[in-house]
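1. what follows is a predicted structure for the sequence shown.
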Amino acid sequence: MKLNECFSSNNKYAVAYSGGVDSSFLLYAAISSGAKVQAYYVKSSFQPEFEYEDAMRTAEHLGITDRLTVMEADVLKQLDITANTPERCYFCKKLIMGIISEQAKADGCNVILEGTNASDDIADRPGFKALEEAGIRSPLREAGFTKEMIRQLSKNAGLPTWDKHSYSCLATRIPHGTAIETETLERIEKAEWYLFEQGFKDFRVRFDNGAAKLQINKDDYGLYLLKESEVMSRLKDFFSEAYLDEHRR
């Protein structure tokens, strides 16, 4: 299937938009096909503010700010989410897509799209089950678009997201079985924002029983060595202890 075959002039499409590589390209492709499109961004405590701001800049680049609806999801009031079981992503995705579906229906959108691609391992993504249950389509996956293809096509199209690093939600930094609390999320967000400001590109600050476990990509390791003392000192401002995960670099 070709991607443009996923869109029809007979439908008005709702696109679940996060500002990441996949959803940005999906939105671009839908607009380029001439389809009627409305984008929906759902804010929650699991997304840091700088990711929201980045998504808004990309939306401006795409020229769809007048067709973008921003909504809120109070994930921390959902006990099946904050309990942080292995099914957390399923419950979270179900909540977010439910919010989008309700508004999209009110806006006259009869098809909802999201950005799962052909490289994603759906067996390792509980949230995909929620998409299937809600009848939400994943055109990039349907058309066989891999992450590598999407990045190249995004680059060709001049999209600012083409080389953006993947940034999973803050809840993924907290191990299953550890309850998700506002304070923990805020500490992680502040620590990761500090690292972004220092020039790190691909990393995670994981919560490990009160300590910060820093995981960095090998491309950032040289920068880490230059700033090791400063980085560890700063992370200890937010956590009881900090250490580098030597197996993840």
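-> Perfect, I can see it now.
2. how far out from the middle of the chain is the helix ranked longest in the chain?
-> Looking across the chain with DSSP state H, the single longest helix is helix 88-106. Distance of helix 88-106 from its chain centroid, counting by Cα atoms, centre = their mean, to the nearest Å, is 15 Å.
3. contact partners of the following helix or strand past it?
-> From helix 88-106 onward toward the C-terminus, using DSSP states H and E, the following helix or strand is strand 111-113. By Cβ atoms under 8 Å, 6 or more residues apart in numbering, the residues outside strand 111-113 that reach it are 6, 11-16, 26, 30, 97, 100-101, 104, 134-139. Quick note: C-beta positions are derived from backbone N, CA and C, even for glycine.
4. in PyMOL, how would I select just the buried ones from those?
-> This is how PyMOL selects the buried members of these, with burial counted by 16 or more other Cβ atoms under 10 Å:
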select buried, resi 6+13+14+15+16+26+30+97+100+101+104+136+138+139
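5. now, which of the contacts of strand 111-113 lie within strands?
-> The strands, defined by DSSP state E, take in 12-16 from these.
6. make CSV from the residues you listed and add distance to Cys89 and pLDDT to it.
-> Formatted as CSV, the ones in strands among the contacts of strand 111-113 follow (distance: Cβ to Cβ, whole Å; pLDDT from 0 to 100):
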residue, distance to Cys89, pLDDT
Lys12, 28, 93
Tyr13, 24, 95
Ala14, 21, 97
Val15, 20, 97
Ala16, 14, 97
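7. now those in JSON lines, please, with extra columns for distance to Leu235.
-> Output for the ones in strands among the contacts of strand 111-113, formatted as JSON lines (distance: Cβ to Cβ, whole Å):
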{"residue": "Lys12", "distance to Leu235": "47"}
{"residue": "Tyr13", "distance to Leu235": "42"}
{"residue": "Ala14", "distance to Leu235": "40"}
{"residue": "Val15", "distance to Leu235": "36"}
{"residue": "Ala16", "distance to Leu235": "33"}
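8. many thanks, I have nothing further to ask.
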